[in-house]
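Q: Model the structure of this input:
(chains A and B)
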Amino acid sequence: MRRASRAGWAFAGPALFMLGLFFFVPVVLAFALSLTDFDLYALADLNNLRFVGLANYGELFGTPLFWKALGNTFYFVIVGVPLSIGLSLGAALLLDGGLRRLSGLFRTALFAPVVTTLVAVAVIWRYLLHTRYGMINYGLAQLGIEPIDWLGDPSWSMPAIILLAVWKNFGYNMVILLAGLQTIPADLYEAATIDGASAWQRFRHVTIPSLAPMLLLVSILTMAGYFQLFAEPYVMTQGGPVESTVSVLYFMYEQGFKWWNLGVASAVAFILFVLMFVITMIQFRIARARGAI
Amino acid sequence: MTLAAARSALLALLLLTLLFGCSGRGDEGEVVHFWALGREGEVVTQLIPEFERLNPGIRVKVQQIPFTVAHEKLLTAFAGDVTPDVAQLGTSWVAEMVALGALEPLDTRIAASREVEQADYFPGGWTNNVIGGRIWGVPWYADTRLLFYRQDLLREAGFATPPRSWAEWVAAMRAIKARAAPRDYAIFLPVNEYEPLLALSLQQPEPLLREGGRYGNFRSPGFVRASDFYLSLFREGLAPPLNNTQISNLYDEFARGHFAFYISGPWNIGEFRRRMPPERQDDWMTAPLPGPDGPGASIAGGSALAIFARSKRKDAAWKLVEFLSRPAIQLRFFELTGDLPPRRSVWRAPLLAQDRYAAAFGDQLERAEPPPPVPEWERIGTQLRIVSERAVAGQISPARFRATLDADADRMLEKRRALLAREAGR
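A: All right, here's what the predicted structure looks like:
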């Protein structure tokens, strides 16, 4: 027992050390930072740093823009995550079923946005979303829909960001789900078919339960990723128009690197951490209750 | 997707620029690193060859930085100890950079200089760079806000000349509104811009912050007057309570006579020239901002050139500042950018003296006042925008509006007060 545990520590030691140094220490330091008023003055001279306890948190809860950022982020997550997973699942089913012959080609094509640089993609999307010359509005005009000012109208800017984010990211989940689909034994389907199950029933009672662990994984990863929305509004709208695309992380970035209020920015990071932790726990609980894991 | 990814990309970029920045320093003499912003950064490269010809030992490396991220970059550069030798600073950032101790005071250099003469500069632009009794930057170009107006609509309403005082202005606006179609207005003050209200407030004798920038002063008689005047324009229906994004095309609406007055800055001279239809080109004009009684002040803005304390090439950097401050170079800079020169002598050149749209700006710059020179001002200004928008919408009363502003400003200035008190106690 003794020797075994020593060997175990010896093997785990280096990894634990690295994890401690590069993960736990920074997290603890960031939490400590969130209890101070580190700002421009402290940047000039560390003597200007003061311990403020939970005042940063209190101030944040009294800041309307923080609540707005939280609301925007929830909007993005609640619409974006189901849309993204739905699209990934749909694409994976298509690749697994009908399009099997060209599967390699489509898999690559649909995965391509995931690995392209966002900044390059953003340039293209700004053209696509252009009010007057954009292809999207051109398409809508063919359907008799008035042009939409995607990035200039506060009520359309978030949908535009969601569109871009979903398009950019669904390929990743698609690959995971496709791998999951391919592990479902064919005899399950055959048995279901013999029992007279329709295509929908086969999907509902064979595919979904077999995929459940995958779907849980994908939904946790996607949720965690989508809560950290930052780069899309940063390159597309800079949080505008009228703060309609300011996400929690964007808010944190502005606090931290625009105003250099690192104390407040760290507090934002911790609030986001707690939020994501709670939501992931809820996801696990639901999954467990339904027997997915 | 994540911040981490974006940050590492940024880091890679920074490393790359550092690598390139370091190469070839040995053989070309002194290299001055100059950070210039946006359009100015693009254009200034055309002036550099002449500087390098006149100063054979010095080479200038212009780093062009988009205006929207420049403020962050400068702060990050300070934190990372990679500040340039000389940089263009938006006037509202000077106080911040001084608080950081990032800048080099220029008093002795200016006193010894034959190129930079304080007397030749418009006072507002100059005092913007004076903090704690020392000079931290030399104005590079000036910026202010004034009236763009429709001459024809004003004339039809019975006014031959643009208004000079608030009373004349209101009379003109009422007359225009009375003649206008029901859904047209006299003036457009975008509710998501705080500059018009700020300009009106700077016309008042009381400063916006009191006790040396320790507290908000938004319940002073002056701000009460300015904000009541501003809010009355909306209440009377002379201005629509709309923001910039709710109006589809400013220039079209102005050409159509949807409104007759608009408060804006020099960049819009070029835009109006380009975007107003040819038949309307003779109908628009610029005029100094009316004040409570007679021509009033406006905001002193623009950019300054400043030298960083950590620079090892301050003398060479100063030569560049002097070169860019020369009247002849400033005139060329105006030709290239349309940016208003901060020196009076440049305004006497025919190119500027004969520009009918620029004339009002030259006049206004004599009466331009800088906003309070405290590092917190930018945040207080943002708050002014957010809260005034709510006051215009009628969500809060004018009294509540001013009390809120004072409370917000006092809170934002809390640390400044504490530090000043500690300094005084030493």
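Q: B:Ala304: what's it in contact with?
A: B:Ala304 sits next to B:88-89, B:91, B:94, B:125, B:128-129, B:136-140 when contact means Cβ atoms under 8 Å, 6 or more residues apart in numbering or on different chains. The way it works is simple: take the backbone N, C-alpha and C, and place the C-beta from them, glycine included.
Q: ok, how many other residues are close to B:Glu104?
A: Counted with other Cβ atoms under 10 Å in any protein chain shown, residues neighbouring B:Glu104 total 19.
Q: Please identify the helix or strand for the residue of the stretch 51-200 of chain A found nearest chain B.
A: Closest to chain B within the stretch 51-200 of chain A is A:Gly152: 5.6 Å, counting by Cβ to the nearest Cβ. For A:Gly152, there is no host helix or strand (DSSP states H and E).
Q: Dihedrals phi and psi, A:Ala12?
A: phi -80, psi -20 (degrees, to the nearest 10).
Q: Share the number of residues neighbouring it, please.
A: A:Ala12, neighbours per other Cβ under 10 Å, totals 11.
Q: Need the pLDDT of it.
A: On the pLDDT scale, A:Ala12 is placed at 92.
Q: Quick one: name whatever helix or strand follows the helix or strand of chain B with the lowest mean pLDDT.
A: Taking mean pLDDT, DSSP states H and E as the measure, the helix or strand of chain B with the lowest value is helix B:3-22, at a mean of 51. For helix B:3-22, the succeeding helix or strand toward the C-terminus, using DSSP H and E, is strand B:30-37.
Q: Please name the strands paired to that next one in the sheet, noting orientation.
A: When sheet partners are counted by DSSP bridges, strand B:30-37 sits next to strand B:58-65 (parallel), strand B:86-90 (parallel).
Q: pLDDT on the first one, on average?
A: Per-residue pLDDT values over strand B:58-65 give a mean of 94.
Q: again, but for stretch B:93-103
A: Per-residue scores along stretch B:93-103 average to 91.
Q: One more: stretch B:68-81?
A: The model assigns stretch B:68-81 a mean pLDDT of 89.
Q: and the one residue in the stretch 251-400 of chain B that gets nearest to chain A, what pLDDT?
A: Closest contact between the stretch 251-400 of chain B and chain A, by Cβ to the nearest Cβ, is at B:Pro375 (5.9 Å). Note on B:Pro375: pLDDT of 89.
Q: which non-adjacent residue is nearest the residue nearest to the spatial centre of chain B?
A: In chain B, the centroid-proximal residue (Cα atoms, centre = their mean) is B:Gly301; its distance is 2.8 Å. Using Cβ to Cβ, 6 or more residues apart in numbering or on different chains and skipping the chain neighbours, the partner closest in space to B:Gly301 is B:Asp143 (3.7 Å).
Q: how many other residues sit next to the one you found?
A: 23.
Q: Same check on B:Trp169?
A: With other Cβ under 10 Å as criterion, B:Trp169 counts 25.
Q: Then it would be within a helix, right?
A: Yes: assessed with DSSP: H, G, I helix; E, B strand; the rest coil, B:Trp169 lies in a helix.
Q: and the closest residue to it other than its chain neighbours, helix, strand or coil?
A: Spatial nearest neighbour of B:Trp169, chain neighbours left out: B:Pro163 (3.8 Å); criterion: Cβ to Cβ, 6+ apart. Following three-state DSSP, B:Pro163 is assigned to coil.
Q: I'd like to know how far B:Pro163 sits from B:Phe261.
A: 9 Å (Cβ to Cβ, to the nearest Å).
Q: So for the two, which residue has more residues nearby?
A: Between B:Pro163 and B:Phe261, counting by other Cβ under 10 Å, B:Phe261 is the more crowded of the two (27 against 22).
Q: Quick check: bridge partners of the more buried one?
A: In beta-bridge terms (that is, DSSP bridges), B:Phe261 pairs with B:Tyr149, B:Ile187.
Q: So it sits against B:Leu147, correct?
A: Yes: using Cβ atoms under 8 Å, B:Phe261 makes contact with B:Leu147 at a distance of 5.8 Å.
Q: Report the contact partners of B:Ile269.
A: B:286, B:338, B:357-358.
Q: same question, B:Leu384
A: B:194, B:197-198, B:405.
Q: Could I get those residues in TSV, plus columns for distance to chain A and secondary structure?
A: Supplementary listing: these in TSV, determined by distance: Cβ to the nearest Cβ, whole Å; DSSP: H, G, I helix; E, B strand; the rest coil:
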residue	distance to chain A	secondary structure
B:Tyr194	14	coil
B:Leu197	18	helix
B:Leu198	19	helix
B:Leu405	15	helix
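Q: Pick out the most distant pair among the residues you listed.
A: The span of these, defined through Cβ to Cβ, is set by B:Leu198 and B:Leu405 at 11.9 Å.
Q: Can you give me the neighbour number for B:Arg214?
A: Neighbours of B:Arg214 (other Cβ under 10 Å): 17.
Q: Mind listing residues that contact stretch A:221-235?
A: Contacts of stretch A:221-235 (Cβ under 8 Å, 6+ apart): A:73, A:76-77, A:80-81, A:84-85, A:118-119, A:122, A:161, A:164-165, A:168-169, A:173, A:239, A:245-250, A:253, A:272, A:275-276, A:279-280, A:283, B:1-3, B:5-6.
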